[in-house]
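*Asks:* Any chance you could fold what I've pasted below:
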Amino acid sequence: DAPGISELLAEARSGLARLRPEAAFAALTDGATLVDIRPLEQRIVEGEVPGAIIIGRNVLEWRLDPRSEARIPALARSDARLIVMCSQGYASTLAAASLRRIGLHEATDLDGGFQAWAAAGLPTRPAQSLG
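*Replies:* Residues are numbered from 1 along each chain as shown. Below you'll find the predicted structure:
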């Protein structure tokens, strides 16, 4: 039988050192990059984290694969310390696992997503409409 989404999540999480909001904030101040994969509609409703790099989920691997012609050179490096963030910490897990598969071995995700970040009282701002 093919695995269901619960199995996929469990498998992805077994390979990640996921970060709670406070640990993620500390990593950011130490040079890690927060990558927000939420669509604009979600960012408008929830808000954003100042300094986060917005990369749509549908183009994430192309922007971050060091071999891709569409890469963002400053981030598409095997040693890049990337923390992927979605709304609640589910899509980000699968995205971070995918990034690890293409060689970004320092990629992880934000446990609980933007909602946990905001609930922890960490910095947020209204969405910037043009992303």
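*Asks:* so how far is Asp1 from the spatially most central residue of the chain?
*Replies:* Nearest residue to the geometric centre of the chain (Cα atoms, centre = their mean): Val84, 1.0 Å. Distance, Val84 to Asp1, by Cβ to Cβ, to the nearest Å: 28 Å. For the C-beta atoms, the positions are set from N, CA and C on the backbone; glycine is no exception.
*Asks:* helices or strands up against the worst-scoring helix or strand of the chain on mean pLDDT?
*Replies:* Within the chain, no helix or strand scores below helix 5-14, which has a mean of 93 by mean pLDDT, DSSP states H and E. Packed against helix 5-14 by the contact rule (3 or more Cβ pairs under 8 Å, 6 or more residues apart in numbering; DSSP states H and E) you find helix 91-101.
*Asks:* what packs against the helix it packs on?
*Replies:* helix 5-14, helix 60-64, strand 82-85, strand 108-109.
*Asks:* Give me the contacts around it.
*Replies:* 8-9, 11-13, 15-16, 18, 37, 57, 60-61, 64, 82, 84-86, 107-110, 113 (Cβ atoms under 8 Å, 6 or more residues apart in numbering).
*Asks:* That one relative to helix 5-14, how many degrees between them?
*Replies:* For helix 91-101 against helix 5-14, the angle by axes from the mean of the first three to the mean of the last three Cα atoms, to 10 degrees is 60 degrees.
*Asks:* avg pLDDT for helix 91-101?
*Replies:* Averaged across helix 91-101, pLDDT comes to 96.
*Asks:* Buried ones in it, by neighbour count?
*Replies:* By 16 or more other Cβ atoms under 10 Å, the buried positions in helix 91-101 come out as 91-100.
*Asks:* Turn those residues into a markdown table, columns for distance to Arg77.
*Replies:* As requested, these are exported to a markdown table (distance: Cβ to Cβ, whole Å):
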| residue | distance to Arg77 |
| --- | --- |
| Ala91 | 23 |
| Ser92 | 20 |
| Thr93 | 22 |
| Leu94 | 21 |
| Ala95 | 17 |
| Ala96 | 16 |
| Ala97 | 18 |
| Ser98 | 16 |
| Leu99 | 12 |
| Arg100 | 14 |
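*Asks:* Before I go, just wanted to say thanks for your time.
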